[in-house]
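K.L.:
need a structure here:
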Amino acid sequence: MSSLTNYFYIALTIALTVYGQIAIKMQVSQAGAMPAAGGDKLMFMIKLLLNPWIISAFAAAFLASISWMGAMTKFQLSHAYPFMSLNFVIVLGLSAWLFNEPMSPVRMAGVALICIGTVVAAQG
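P.N.:
Okay, the predicted model is just below:
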């Protein structure tokens, strides 16, 4: 059995991934709807790509990849990868809290199933 401290790499990967998703959503929401015209779409996307928060989200994704490499030195992929499903759970919860996105009973049941599946998969 791996030391509890080895799970830090998995937790860091999850935290960085969640940060990136939330940061991108916040900035895209603030930017507004994508323009209809082709040239305006391109400028809209370039402006987003130059946004410091979006850049930090990309940096977080890169750092998450490095952290994941650390996790791969400590665990078998088949043990570590199920924990990545917790990204869905955390992002769903944060999107309900931060963006007032709906949290229906069906979504909550899905989250419960993901959590149960993660525990079961990590045990096997």
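K.L.:
Grab the CA positions of the one helix or strand F44 maps to and hand them over as CSV.
P.N.:
Assigned by DSSP states H and E, F44 belongs to helix 38-49. What follows is helix 38-49, C-alpha atoms only, in CSV (Å, rounded to 0.1, in the frame of the first residue of the first chain):
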residue,chain,number,x,y,z
GLY,A,38,-15.7,35.0,-38.4
GLY,A,39,-13.2,37.8,-37.9
ASP,A,40,-14.8,38.9,-34.7
LYS,A,41,-14.7,35.3,-33.5
LEU,A,42,-11.0,35.1,-34.0
MET,A,43,-10.4,38.4,-32.2
PHE,A,44,-12.7,37.3,-29.4
MET,A,45,-10.6,34.1,-29.0
ILE,A,46,-7.3,35.9,-29.2
LYS,A,47,-8.4,38.3,-26.5
LEU,A,48,-9.4,35.3,-24.3
LEU,A,49,-6.1,33.6,-25.0
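K.L.:
buried stuff in it?
P.N.:
F44, L48 (16 or more other Cβ atoms under 10 Å). Quick note: C-beta positions are derived from backbone N, CA and C, even for glycine.
K.L.:
Output the contacting helices and strands for it.
P.N.:
helix 7-31 (3 or more Cβ pairs under 8 Å, 6 or more residues apart in numbering; DSSP states H and E).
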